[in-house]
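> Sequence and predicted model, in that order:
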Amino acid sequence: MAIIAAVIVVAVVAPIGYYYATSAVHVTAISITSDDNVCGLTGHTFGGFTVGLGGRFQDTLIVPDGDTWSCTINYAATTTSGFAFSSASIPLTIPAGVLENLSVTITAPNFPYTGPLTIDVE
């Protein structure tokens, strides 16, 4: 009788886990890259998020100026396949040593994904 109960539990739990894993986009972290290390942001990481397939994530990222002089972010785009990125805050000038808000909208792909999202800034 214990074996039958275990089989029933597995049969009920497996479809729920399968549905969750295949119906969502799980971004584990937002990683920043920059060829010219604008504002000292290369390697900076923000927390992740979870949305449905094709869903939108809106947030305000607090961006530090890691340089000793003012800097400007003139460009930002995701390099992670399937994602779209937009920001009404760009261009964004950050005075030396100050934190500024970068409002972003990220549109997830229409397919399951788990992993980091990379944003290139210049």
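Sure thing, it's come through.
> hey, let's count contacts and neighbours off CA atoms from now on
Will do.
> count of neighbours near residue 99?
14 (other Cα atoms under 10 Å).
> who are the neighbours in contact with the nearest residue to it once chain neighbours are set aside?
Distance criterion Cα to Cα, 6 or more residues apart in numbering; nearest residue to residue 99, sequence neighbours excluded, is residue 64 at 4.4 Å. Contacts for residue 64 were tallied using Cα atoms under 8 Å, 6 or more residues apart in numbering; they are 39, 41, 94, 97, 98, 99, 100.
> where's the spatially most central residue of the chain relative to residue 103, distance?
Nearest to the mean C-alpha position of the chain, by Cα atoms, centre = their mean, lies residue 30 at 4.0 Å. Separation of residue 30 from residue 103 (Cα to Cα, to the nearest Å): 14 Å.
> just the helices in this protein please.
Secondary structure of the chain (DSSP state H): helices at 2-22.
> now the strands: where do they sit in this protein?
Assigned by DSSP state E, the strands in the chain fall at 24-33, 45-52, 56-64, 71-73, 76-78, 84-86, 92-94, 99-107, 113-121.
> I'd like the average pLDDT over the third one.
In other words, strand 56-64. Averaged across strand 56-64, pLDDT comes to 90.
> What strands flank that strand, and is each parallel or antiparallel?
Paired with strand 56-64 in the same sheet, following DSSP bridges, are strand 99-107 (antiparallel).
> just the longest one next, same as before
Take DSSP bridges as the rule and strand 24-33 pairs in its sheet with strand 45-52 (antiparallel), strand 113-121 (parallel).
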